[in-house]
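Enquirer: give me the fold of what follows.
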Amino acid sequence: MKIGLSVGYWSAGPPKNVERRLAEAEEVGVDSVWTAEAYGSDAISPLAWWGSRTERLKLGTAVAQISARTPTAMAMAAQTVDHLSGGRMIVGLGASGPQVVEGWYGAPFPRPLERTREYVDIMRRVWARDGPVEFSGRQYRLPYSGDAGTGLGKALQSTVHPLRTDIPVYLGAEGPKNVALAAEIADGWLPLWFSPRSDAFYRAALAEGFAVQGARRTEETFDVAGVVWTVEHDDVEVAASRIKPIIALYAGGMGAKGANFHNDVFVRMGWGDVCGRLQELYLAGRRQEAVDAIPLEMVEDVALVGPADKLVDDFAKRWADTCLTTLIVGGNPRQATLARLVDVGAAS
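Expert: Next up, the predicted model:
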């Protein structure tokens, strides 16, 4: 199992010491670095900026939201970073949710699987550079042919000759249909809030996608790269307390009641009663109570928390044999601990 490092998206401003963390990660053999976006910092600009200070780390978005850019715009950005980095770009995409898509981007959310499938197809046509890109789908049309247009659109071919004509595409997905779609059409899957106890559930969803005729990859050539929050502290409860507000935000407040995909993930793990209470409190503005309602065991289902020896031991015993092939470390463990995780992953 490979180890990656997440630098995520920003809160009020840029995180500190990222360049130092990336240098330390590269020194101990970390394989990749990943950015993200919600409705503040974007995923591509920081990846290019920080990536320019590295030599070997693969550069991934986990995830870039498909409603933020047209598929051709995403293809342009990806091939640009891929050229500048010497072929290290990984395009991680996600559909996000209706609150962000419709509230922030002003775009309709329905039919996300269909939209994702068309989006990936168009990007690959751009990179293949076999000719001018034409596409007629339910979600995207190139050239545009709707009544609101001028009728003057022209099919165009990228002026850039991509460094790689087949840049890896990973899909962020949580529900079984989305996970199966990733296994069918993508090069990797980016789970969020992955738990070892859900391993069999996700293996079944992946197998469904691999079984589709014409599936792009097999289980042996497919990367499952999951962000796992990792907080190093001698006191396990203190370490867990730093993850609880994040779980409360995602499972409680990131999405409307009945339309929160992160909440659904924890419900499938068996935390339904806690999730119901958590969402009720968070949406009522009682955020600290929501945080306090999260038990330590729920944190340990999805995160590595505690002293270095416990982090490494939990990883080896619970995570190393799951369907994950890349564990993306979220948080800020010490370099020595990161090196130990790299060693355990290499031996698994």
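Enquirer: what's the following helix or strand after the biggest strand by length in the chain?
Expert: Looking across the chain with DSSP state E, the single longest strand is strand 223-232. Later in the chain than strand 223-232, the nearest helix or strand by DSSP states H and E is helix 236-241.
Enquirer: now that next one: buried residues?
Expert: By neighbour count with 16 or more other CB atoms under 10 Å, helix 236-241 contains the buried residues V236, A239, A240, S241. Where you see a C-beta, it was placed from the backbone N, CA and C, and this is true even at glycine.
Enquirer: same question for the longest strand of the chain, mean pLDDT?
Expert: The pLDDT scores in strand 223-232 average 98.
Enquirer: which helices and strands sit right next to that strand?
Expert: Counting contacts by 3 or more CB pairs under 8 Å, 6 or more residues apart in numbering; DSSP states H and E, strand 223-232 is packed against strand 32-35, strand 188-190, helix 236-241, strand 303-306, helix 308-314, strand 326-331.
Enquirer: take these and lay them out in a markdown table including distance to D264 and mean pLDDT.
Expert: As requested, the helices and strands packed on strand 223-232 are exported to a markdown table (distance: least, CB to CB, whole Å; pLDDT from 0 to 100):
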| stretch | distance to D264 | mean pLDDT |
| --- | --- | --- |
| strand 32-35 | 23 | 98 |
| strand 188-190 | 17 | 98 |
| helix 236-241 | 22 | 98 |
| strand 303-306 | 18 | 98 |
| helix 308-314 | 25 | 98 |
| strand 326-331 | 20 | 97 |
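Enquirer: include distance to S11 when you put the ones you listed into a markdown table, please.
Expert: Formatted as a markdown table, those follow (distance: least, CB to CB, whole Å):
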| stretch | distance to S11 |
| --- | --- |
| strand 32-35 | 14 |
| strand 188-190 | 21 |
| helix 236-241 | 17 |
| strand 303-306 | 19 |
| helix 308-314 | 24 |
| strand 326-331 | 14 |
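Enquirer: out of the ones you listed, flag the one nearest I66.
Expert: Comparison of the helices and strands packed on strand 223-232 against I66 by CB to CB identifies strand 188-190 as nearest, at 13.1 Å.
Enquirer: what sits up against that closest one?
Expert: The contact list for strand 188-190 (CB atoms under 8 Å, 6 or more residues apart in numbering) reads 62-63, 90, 92, 94, 168-173, 179, 182-183, 206, 222-227, 326.
Enquirer: OK, contacts around Y119?
Expert: I66, P71, M74, L93, Q139, Y140.
Enquirer: what's the nearest residue to W50 if we skip its chain neighbours?
Expert: Spatial nearest neighbour of W50, excluding adjacent residues (CB to CB, 6 or more residues apart in numbering): V18 at 5.6 Å.
Enquirer: kindly report the same for F135.
Expert: L142 (4.4 Å).
Enquirer: burial count for that neighbour?
Expert: 21 (other CB atoms under 10 Å).
Enquirer: what residues are up against it?
Expert: With CB under 8 Å, 6+ apart, L142 has these contacts: T72, I122, V133, E134, F135, G153, A155.
Enquirer: need the strands for this protein, in chain order.
Expert: 2-8, 32-35, 58-61, 64-65, 89-94, 135-136, 141-142, 169-172, 188-190, 223-232, 303-306, 326-331.
Enquirer: could I get these as CSV with distance to I246?
Expert: As requested, the strands of the chain are exported to CSV (distance: least, CB to CB, whole Å):
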stretch, distance to I246
strand 2-8, 10
strand 32-35, 16
strand 58-61, 19
strand 64-65, 19
strand 89-94, 17
strand 135-136, 38
strand 141-142, 38
strand 169-172, 16
strand 188-190, 17
strand 223-232, 7
strand 303-306, 9
strand 326-331, 9
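Enquirer: any low-confidence regions in the stretch 1-150 of the chain?
Expert: Scanning the stretch 1-150 of the chain for pLDDT under 70 picks out no residues.
Enquirer: compute the first-to-last residue distance for stretch 21-39.
Expert: Start and end residues of stretch 21-39 are separated by 24 Å (CA to CA, to the nearest Å).
Enquirer: next, the buried residues of that stretch.
Expert: 21-22, 24-26, 28-37.
Enquirer: ditto for stretch 294-307
Expert: Buried, per 16+ other CB under 10 Å, within stretch 294-307: I294, M298, V299, E300, D301, V302, A303, L304, V305, G306.
Enquirer: ok, now how distant is the residue lying closest to the last one once chain neighbours are set aside from V329?
Expert: Pointing back at G306 there. Nearest residue to G306, sequence neighbours excluded (CB to CB, 6+ apart): V236, at 4.2 Å. The gap separating V236 from V329 is 18 Å, by CB to CB, to the nearest Å.
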